[in-house]
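A.B. asks: Below are the sequence and a predicted model; questions follow.
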Amino acid sequence: MTFNSLDLDPRILKAIEDKGYTTPSPIQAKAIPAVLTGSDVMAAAQTGTGKTAGFTLPLLHKLAKGERARDKQVRTLILTPTRELAAQVAESVITYGKHLSLSSHVVFGGVSAGPQIRKLKFGADILIATPGRLLDLMNQGALKFDKLEVLILDEADRMLDMGFIRDIKKIIAKMPKKRQNLMFSATFSDDIRKLAKDLINNPIEISVSPRNTTAETVKQWIYPVDKGRKPDALVELMKTNDWKQVLVFSRTKHGANKLATLLDTKGISSAAIHGNKSQGARTRALSGFKSGNVRVLVATDIAARGIDIHQLPQVINFDLPEVAEDYVHRIGRTGRAGSNGQAISLVAAEDLYYLVSIEKLTKKLLERKTLPGFEPKTPLPEAPLGTRVPRPKKEGRGGGGGGGNRSGQSSRRASSERGNSSSQGNRPPQKRGKTGFKPRTRKPS
Ligand code: AMP
C-alpha cells in the first residue's frame, strides 16, 4: 500500500513526501481509511507505530474541507496525558499540515496561561491539550466547543492511569453530542472499555499488535546485578559500549536526579526529566538529549511518556517499573517505526516480583545475561512463567504489600507525579475519591 492510495488531500501527501515517508505503517493503513469514513474509532497501538500520523492525516483531510474556526471556536480537540506528548503531537500537526491553512494551538500547564488565552481568541481548527490546563481555560471562558467536530483521546490508557477521568468527563460534558470520537490507547484494558462505552458510538475497532506484546524490533535482555551495584553497572555499560544516546528509566524522581548527577561526575553527560522539573528544564533536557549534547536522559515513566526520539537505539531499565504495562511502554521508546533497538534491564534479587509480572504480561521470559565483574552476590532466583512471587513491601508506605489493584497502583504513582508538578495548572492534586485511595501524606520521592 502507498499513501497515494489512501485518498488524502494532495497537500497532505506532499507533506508526507517532504517528510520522507514512503509506506503507511500498519496502524496508518488501518486507521486512515477508518477515520475518513467519519465513524468513531478505537485503536490499540503502541507508541512508535506511527499512530500520531494515523489520526492526524485523516483529521487534516477532513478539516481542510470545512469552515475555519473563529472566535474561540475549537473544531478538533486532541487530549494527551502529558505536556511532552502534547508538544509532539502539535509538532506533527504542523509538519503534516504545513501546506494547508489550518490553525493549531497547543496548551498545557507549567507555563503562563495568558498567551494561550490570547491565541485561542481567534479560534483553533486543532487544539492539542492536557486535561488540567484545558479545564482551567474552559472555566475562564477562553474557548468554545459549539463547533467541535472531532474529539481525539491519545494514550487514553495513560490518561486513566493518571487519574484524568473526571477532568475528561467534565470536558466532554461541554461538547455537542454530534461529533466524531477517536480513541487511541496502547492497551484496551477493562477500564478503557468502560470509558469507551460512555463516549464512543459503534466504533470501528483497530488493533495492530496483540495486546501487551513488545515490538519484535527491540532486542531485550536483563543483567542480574546486586541493587547497590546498579549505578556502577550502568557506568560500565556506558563505557564499554560507548553508547551515545541512552534513555534510562528510574522508578522515582529522586532516584532520577541522583543517577543523573552521578553519571555526570563520571564524565557521562546526563540530565533528569520528571514531574518536579520546570517546563523549561524539561524542554532543555530533551533538546540536549535530541541534539546529542546529553548522552543519558534519566526519566520517570510519566515524564518519558510520549518522548519521541527518532531511532533511539538504547533503553535501560535501571529500575523495573512497578506496573508491568509500563515495561511495554518503556521499551516502545526504542526500535520505533522499523528501526532496531535494545532494551536492557538491571535486575536485582529484590526486583523479582516486578520481573515475574512483566514476564507474565508479555508471556515470555527475558533472556538473562552476565555482566562480567557484576555477578550478583545475592543471586536472582530462577522463575519459570507462572511463578508466584509476593509483592515486596514498600518502604515508608505503611507496609503496602499485597493490596491495591493494578490501576490503583498506577494512579497512586501517577498522582504523586502530578501532585508536585505544575503540568496541569496550579490546582491541587485530585483526591482519589471513588477509588478509595487516601491522599498520601508522605512526599513522594
Ligand atoms: P508515533 O507512534 O506516532 O509516535 O510515531 C513514531 C515515529 O515514526 C515518529 O518518529 C514518526 O515520525 C515516524 N513515522 C510515522 N509514520 C511513519 C511512516 N509511515 N514511515 C516512516 N516513519 C514514520
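C.D. replies: Now that the structure is in, tell me what you want to look at. Numbers count the residues shown, from 1 in each chain.
A.B. asks: Break the protein down into its structural domains.
C.D. replies: Here the domain parsing of the chain from automatic domain parsing is 3-207, 218-407.
A.B. asks: any chance of those domains in a markdown table, plus mean pLDDT and mean neighbour count?
C.D. replies: C-betas here are computed from N, CA, C, even on glycine. Below are these laid out as a markdown table (pLDDT from 0 to 100; neighbours: other C-beta atoms under 10 Å):
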| stretch | mean pLDDT | mean neighbour count |
| --- | --- | --- |
| domain 3-207 | 93 | 20 |
| domain 218-407 | 84 | 18 |
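A.B. asks: State the phi and psi torsions of residue 344.
C.D. replies: With angles defined as degrees, to the nearest 10, residue 344 sits at phi -120, psi 140.
A.B. asks: Do I have it right that residue 297 meets residue 273?
C.D. replies: Yes. Counting by C-beta atoms under 8 Å, residue 297 touches residue 273, with 6.0 Å between them.
A.B. asks: Touching both of the two, which residues are there?
C.D. replies: Taking C-beta atoms under 8 Å, 6 or more residues apart in numbering as the contact rule, residue 297 and residue 273 both touch 285, 286.
A.B. asks: For the domains of the chain, please prepare JSON lines with the additional fields distance to the ligand.
C.D. replies: Below are those laid out as JSON lines (distance: least, C-beta to the nearest ligand atom, whole Å):
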{"stretch": "domain 3-207", "distance to the ligand": "3"}
{"stretch": "domain 218-407", "distance to the ligand": "3"}
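A.B. asks: List the residues that contact the residue of the chain positioned farthest from its centre.
C.D. replies: Most distant residue from the mean C-alpha position of the chain: residue 377, 35.7 Å away (C-alpha atoms, centre = their mean). When contacts are counted by C-beta under 8 Å, 6+ apart, residue 377 is found next to residue 226.
A.B. asks: SS state for it?
C.D. replies: coil (DSSP: H, G, I helix; E, B strand; the rest coil).
A.B. asks: going forward, begin numbering at 439 instead of 1
C.D. replies: New numbering, starting at 439: the last item is residue 815.
A.B. asks: Phi and psi next, for it.
C.D. replies: Per-residue torsions, residue 815: phi -70, psi -40 (degrees, to the nearest 10).
A.B. asks: What of residue 468?
C.D. replies: Note on residue 468: its backbone torsions stand at phi -90, psi -40 [degrees, to the nearest 10].
A.B. asks: Using just helix, strand and coil, how would you label the nearest residue to it once chain neighbours are set aside?
C.D. replies: Leaving out its chain neighbours, the residue that sits closest to residue 468 by C-beta to C-beta, 6 or more residues apart in numbering is residue 644, at 4.6 Å. Following three-state DSSP, we place residue 644 in the strand state.
A.B. asks: what bridges to residue 644?
C.D. replies: residue 481 (DSSP bridges).
A.B. asks: how close does it get to residue 663?
C.D. replies: Distance, residue 644 to residue 663, by C-beta to C-beta, to the nearest Å: 40 Å.
A.B. asks: Give me the phi and psi angles of residue 784.
C.D. replies: Dihedral pair for residue 784: phi -90, psi 120, per degrees, to the nearest 10.
A.B. asks: Ignore what I typed, I meant residue 517.
C.D. replies: phi -100, psi 130.
A.B. asks: OK, contacts around it?
C.D. replies: 567, 568, 569, 572, 589, 590, 591, 592, 597, 606, 609.
A.B. asks: Just the ones of those residues in helices?
C.D. replies: Among these, DSSP state H puts 569, 572, 597, 606, 609 in helices.
A.B. asks: farthest-separated two in those?
C.D. replies: 572 and 597 (11.9 Å; C-beta to C-beta).
A.B. asks: got the CA coordinates for stretch 590-604 in CSV?
C.D. replies: Presented in CSV, the C-alpha positions along stretch 590-604 are these (Å, rounded to 0.1, in the frame of the first residue of the first chain):
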residue,chain,number,x,y,z
ILE,A,590,-9.3,12.5,20.0
LEU,A,591,-8.1,10.9,23.1
ASP,A,592,-4.5,10.0,22.7
GLU,A,593,-2.9,7.5,25.0
ALA,A,594,-6.2,7.1,26.7
ASP,A,595,-4.9,4.3,29.0
ARG,A,596,-2.3,6.6,30.4
MET,A,597,-4.9,9.4,31.0
LEU,A,598,-6.9,7.0,33.1
ASP,A,599,-3.8,5.8,34.9
MET,A,600,-3.0,9.4,35.7
GLY,A,601,-6.4,10.0,37.2
PHE,A,602,-7.8,12.3,34.5
ILE,A,603,-11.1,10.6,34.2
ARG,A,604,-13.1,13.2,36.0
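A.B. asks: Check for me that residue 449 belongs to a helix.
C.D. replies: Yes. According to three-state DSSP, residue 449 belongs to a helix.
A.B. asks: right, and it touches residue 537 too?
C.D. replies: Yes. Between residue 449 and residue 537 there is a contact at 3.8 Å, judged by C-beta under 8 Å.
A.B. asks: circling back: and the contacts of residue 517 as a markdown table, adding distance to residue 681?
C.D. replies: As requested, the contacts of residue 517 are exported to a markdown table (distance: C-beta to C-beta, whole Å):
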| residue | distance to residue 681 |
| --- | --- |
| 567 | 35 |
| 568 | 32 |
| 569 | 36 |
| 572 | 38 |
| 589 | 41 |
| 590 | 35 |
| 591 | 35 |
| 592 | 30 |
| 597 | 32 |
| 606 | 39 |
| 609 | 41 |
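A.B. asks: List just the nearest of those residues to residue 827.
C.D. replies: Nearest to residue 827 among the contacts of residue 517, with distances taken as C-beta to C-beta, is residue 597, at 30.1 Å.
A.B. asks: show me where the stretch 539-688 of the chain has strands.
C.D. replies: Ranges of strands in the stretch 539-688 of the chain, per DSSP state E, counting those that start in this stretch, are 542-545, 562-567, 588-591, 618-623, 642-645, 656-662, 684-687.
A.B. asks: could you dump those strands to a markdown table with distance to residue 578?
C.D. replies: Shown next, in a markdown table, are the strands of the stretch 539-688 of the chain (distance: least, C-beta to C-beta, whole Å):
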| stretch | distance to residue 578 |
| --- | --- |
| strand 542-545 | 12 |
| strand 562-567 | 14 |
| strand 588-591 | 21 |
| strand 618-623 | 25 |
| strand 642-645 | 36 |
| strand 656-662 | 44 |
| strand 684-687 | 36 |
